[in-house]
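Engineer: Using only what follows, build the 3D model:
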Amino acid sequence: MELNELDELYHQTKQVRVRTRAQMILLAVEQQMTAPRSLRLFAKNDQTVRRWIKRYNAEGVNGLFDAPSGDAG
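Structural biologist: Numbering: from 1, shown residues only. Below you'll find the predicted structure:
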């Protein structure tokens, strides 16, 4: 896990949703905060918190951004 990259993203992004996702991951790793505990902080459900942790583990910080919507053509 690249925590330095994640911390940099958290401090530099202007996208609120991405910043929140980065914060979820940082708390999970640095504070060993469980998904049920962190969901109370972020007003998200357990499944949402786990989904972002899973995406971060699979894709790194790029997984925290929204996927493009719609078809390109």
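
Engineer: ok, so what distance separates the residue lying closest to Gly60 once chain neighbours are set aside from Gly63?
Structural biologist: Leaving aside its sequence neighbours, Gly60 sits nearest to Glu2 (Cβ to Cβ, 6 or more residues apart in numbering; 6.3 Å). The way it works is simple: take the backbone N, C-alpha and C, and place the C-beta from them, glycine included. Using Cβ to Cβ, to the nearest Å, Glu2 is found at 12 Å from Gly63.

Engineer: Please identify which of the two sits among more neighbours.
Structural biologist: Gly63 (17 against 11; other Cβ atoms under 10 Å).

Engineer: related to what we said a few turns ago, quick one: the residue nearest to Gly60 from Arg55, how far?
Structural biologist: 14 Å.

Engineer: can you check Asp46 too?
Structural biologist: Following Cβ to Cβ, the distance that separates Asp46 from Arg55 is 15 Å.

Engineer: which of those two has more neighbours?
Structural biologist: More crowded of Asp46 and Arg55, by other Cβ under 10 Å: Arg55, with 17 against 13.

Engineer: doesn't Phe65 make contact with that one?
Structural biologist: No - using Cβ atoms under 8 Å, Arg55 is not in contact with Phe65, being 9.5 Å away.

Engineer: got the contact list for the residue positioned nearest the centre of the chain?
Structural biologist: Closest to where the C-alpha atoms of the chain average out (Cα atoms, centre = their mean) is Arg21, at 2.6 Å. Counting by Cβ atoms under 8 Å, 6 or more residues apart in numbering, Arg21 touches Trp52, Tyr56, Leu64.

Engineer: What's the first helix or strand after the helix or strand of the chain with the lowest mean pLDDT?
Structural biologist: Counting by mean pLDDT, DSSP states H and E, the chain has its least confident helix or strand at helix 35-42, which shows a mean of 68. Scanning forward in sequence from helix 35-42 by DSSP states H and E, the next helix or strand is helix 46-59.
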